[in-house]
Each structure stands twice: as structure tokens, then as C-alpha cells.
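**Student:** Here's a sequence, model it:
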Amino acid sequence: MCVALPGVVKELGEGTAVVDFSGNEVSAMTGLVPVSVGDRVLVHAGCILQVLSEDEADELVSIFSDIGNAAGGKAS
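**Tutor:** All right, here's what the predicted structure looks like:
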């Protein structure tokens, strides 16, 4: 199963962005959609696919947390 995760854009480079996933910062490719620092984004396979509203991002974080809790772990 492949899962796209919500994160926050921390900085932009040439064709890339540093995205923060609950304290884990990774590089993701930009170019599919326009992004700015501070945007909440959906990332899959190292590519930013979508800019999310605050409500959408918060809902996804909550869903992933619920799944992690139900599986006996903690997803944050």
C-alpha cells in the first residue's frame, strides 16, 4: 500500500523543498503544484502532490494518529 503524507514546507530550493513531517525533515520534489514556505502539503514518493487547507491537513494528521493508536503504536 502507498500512502501520501501531510507535511509543512520549511524551505524551498531549486526544484525541491524541505518538508517537515512531525519533526522529520525530508527533501521533496516540487513542480507539480506551486508551493510556498509554510504551506501544508501532501507528499507521495518524494513529490509534493497537493497544497492542503489547514482543515484538510489537520484531518489527515488526526486520521493517521487514530490508525497508529488502533494498531497499538503512536503515529504523530
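
**Student:** Dump the helix or strand where residue 50 lies to CSV, restricted to CA.
**Tutor:** Following DSSP states H and E, one finds residue 50 within strand 47-52. The C-alpha trace of strand 47-52 is given here as CSV (Å, rounded to 0.1, in the frame of the first residue of the first chain):
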residue,chain,number,x,y,z
CYS,A,47,6.9,14.5,-4.7
ILE,A,48,4.6,17.3,-3.5
LEU,A,49,1.2,16.4,-5.0
GLN,A,50,-1.1,19.0,-3.4
VAL,A,51,-1.3,22.0,-1.2
LEU,A,52,-3.8,21.3,1.6
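
**Student:** Residues contacting it, please?
**Tutor:** Identification of contacts with strand 47-52 by CB atoms under 8 Å, 6 or more residues apart in numbering yields 4, 6, 9, 17, 19, 28-30, 32-35, 39-43, 60. For glycine as for every other residue, the C-beta is placed from the backbone atoms N, C-alpha and C.

**Student:** Pull out the buried positions in the least confident helix or strand in the chain by mean pLDDT.
**Tutor:** Every helix and strand in the chain was compared by mean pLDDT, DSSP states H and E; the lowest is helix 54-70, with a mean of 89. Using 16 or more other CB atoms under 10 Å as the test for burial, helix 54-70 gives 57, 60, 61, 64.

**Student:** So which of those is the closest to residue 23?
**Tutor:** residue 61 (12.7 Å; CB to CB).
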